[in-house]
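**Q** With the input below, show me the fold.
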Amino acid sequence: MDQILAHIKDGKENYYVKLLSGQPLFPFIDIQEVFEYEPDTALDGEQWYVINNFSEKTYCIDLLKKPWDSTDYSCDKIDIDKIEYICSYQEDNYFCFQKINKKTLLKNKRLLSFGDRTKIDEQEKSMIVISDIPDAIYDKEKDSLFFKKLETIASIFKGIDVLYRDATNEEVEEFLNSDFVLLNNNFEVEKVGKLNRKRIAMAIEIMEALDNNQKDDIFSYIREYHPDLSDDNKKFKVCSNDDLKNVLYGIEQRYFTTPITSEKKVATSAMKV
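**A** Presented below is the predicted three-dimensional model:
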């Protein structure tokens, strides 16, 4: 049976409360085009990220691991401010999630209402705005989680952000002190932006998998597209977050030359083919 649950976070207590039974919260979404999650892959239109074998992941929640039983949950009075997310179990197979935040809550609002006549409504009830598309969909039969934005679902699936983590201060400092980097203009760890911290975390993994010859090839490749960054000792001059980003893009091999017009470009999104 279709059932809508609210996940309540009340201090140290976490539990589910039944909100409604007998009807789904979201319309059926026929997911056709999916990509295994990669932080440097941007989605278009109807595309979704997917994580397969999701129940085996450490960040999978218990709700999805155990057999579904609608009698496990009761209808208790709740404080809407303590709802962390809602979950709609529907079509005997799908769990659809929506994160709850200030933007999705309507409490004691004054609304300009349009109908037969325009009027101001004093809205005294508490309401939740339901999105047209859920933040995440779990297909129990396929054991697959589908989503659009990792940062949106990170508060639902605690620990999932390990897939796209920031480098630690120690990792950033170690990278900036690499023998192929030359810091200028007082650029230091504290000035490294959040996106570059994520890129550094990926770059560290990439560099660890390369042998010395491959690293030399990577450095030559960066110099080909950004000769302005290279000094006489073949180090890369990093004076700003833009300089750092250009080096990191090179390590990720995002630069390419179009085969017909020979234009040099950078891929801001990439996926494996």
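**Q** what about the strands in the stretch 51-200 of the chain?
**A** For the stretch 51-200 of the chain, applying DSSP state E, counting those that start in this stretch gives strands covering 83-90, 94-99, 105-113, 119-128, 136-139, 144-147, 181-183.
**Q** Give the buried residues for the longest one.
**A** Within strand 119-128, not a single residue qualifies as buried, counting by 16 or more other C-beta atoms under 10 Å. C-beta here means a position set from N, CA and C on the backbone, and glycine is covered the same way.
**Q** Ok, the first one next?
**A** Counting neighbours by 16+ other C-beta under 10 Å, one finds that the buried residues in strand 83-90 are 83, 85-90.
**Q** Pull up the pairing partners for it, direction included.
**A** strand 3-10 (antiparallel), strand 94-99 (antiparallel) (DSSP bridges).
**Q** any idea of the angle the longest one forms with strand 119-128?
**A** With axes from the mean of the first three to the mean of the last three C-alpha atoms, to 10 degrees applied, the angle from strand 3-10 to strand 119-128 works out at 80 degrees.
**Q** Skip ahead from strand 3-10 and say which helix or strand is next.
**A** strand 13-21 (DSSP states H and E).
**Q** and that next one, average pLDDT?
**A** Taken as a whole, strand 13-21 has a mean pLDDT of 91.
**Q** same question, stretch 65-75
**A** If you average the pLDDT values across stretch 65-75, you get 86.
**Q** quick check: domain ranges of the chain?
**A** 3-161, 169-266 (automatic domain parsing).
**Q** For the strands paired with strand 83-90, state which one has the densest average packing.
**A** With neighbours defined by mean count of other C-beta atoms under 10 Å, none of the strands paired with strand 83-90 is more surrounded on average than strand 94-99, at a mean of 22.
**Q** Name the residues that touch that strand?
**A** Defining contact as C-beta atoms under 8 Å, 6 or more residues apart in numbering, one finds that strand 94-99 is touched by 24-26, 63-64, 84-90, 104, 130-131, 134-140, 152-153, 155-156.
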